[in-house]
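[1] Starting from these lines, generate the structure:
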Amino acid sequence: MTSAVSRRVLVVEDDPIVAMLVEDIVRDMGHDVLINLTLEHAMFEIEEGEIDAVLLDMQLRGEDARPILLHLLERKMPFLVLSGSDQSALKGEFPGLRFLAKPFGKSELEAAVSALLG
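    Alright, predicted model coming up:
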């Protein structure tokens, strides 16, 4: 499934295997993919890079990714929360957020990324 327009997607995920799988799927859709494993590097890339969307894991090596989430909301940058843990409190606080629960399949990720990038 390739996209007519290539976009730059930042994957913020601390599990290298999950990050590589997501990268492969999103790249096969025709998009450029950057991976960041830490909050600090992700925040820098969001500030300095030309990013069209972010796929964000909420727990990065024991750190809560909430600062990135808030920054993305402030910048009105499209993003999708990828999480294997219960995010009901976050969903309650931010009802409009897009979530994709881990584990997810290829077709689920493709559909979520397509919807995110419009």
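[2] For Glu47, give me its contacts.
    By CB atoms under 8 Å, 6 or more residues apart in numbering, the contact set of Glu47 is empty. C-beta coordinates here come from the backbone N, C-alpha and C atoms, glycine included.
[3] again, but for Asp14
    Asp14 touches 37-38, 57, 59-61, counting by CB under 8 Å, 6+ apart.
[4] neighbours around the closest residue to Asp32 other than its chain neighbours, how many?
    Sequence neighbours aside, Arg8 is the residue nearest to Asp32 in space, at 4.7 Å (criterion: CB to CB, 6 or more residues apart in numbering). Number of residues near Arg8 (other CB atoms under 10 Å) recorded here: 15.
[5] pLDDT below threshold where in the chain?
    The model of the chain has pLDDT under 70 over residues 1-4.
[6] any idea where the helices of it begin and end?
    Assigned by DSSP state H, the helices in the chain fall at 16-28, 39-48, 66-75, 88-93, 106-117.
[7] Show me what the residue most central in space within the chain is bridged to.
    Nearest to the mean C-alpha position of the chain, by CA atoms, centre = their mean, lies Leu55 at 0.4 Å. Counting by DSSP bridges, Leu55 forms beta bridges with Val11, Leu80.
[8] just checking, it touches Phe79?
    Yes: look at Leu55 against Phe79 with CB atoms under 8 Å: they come within range, at 7.1 Å.
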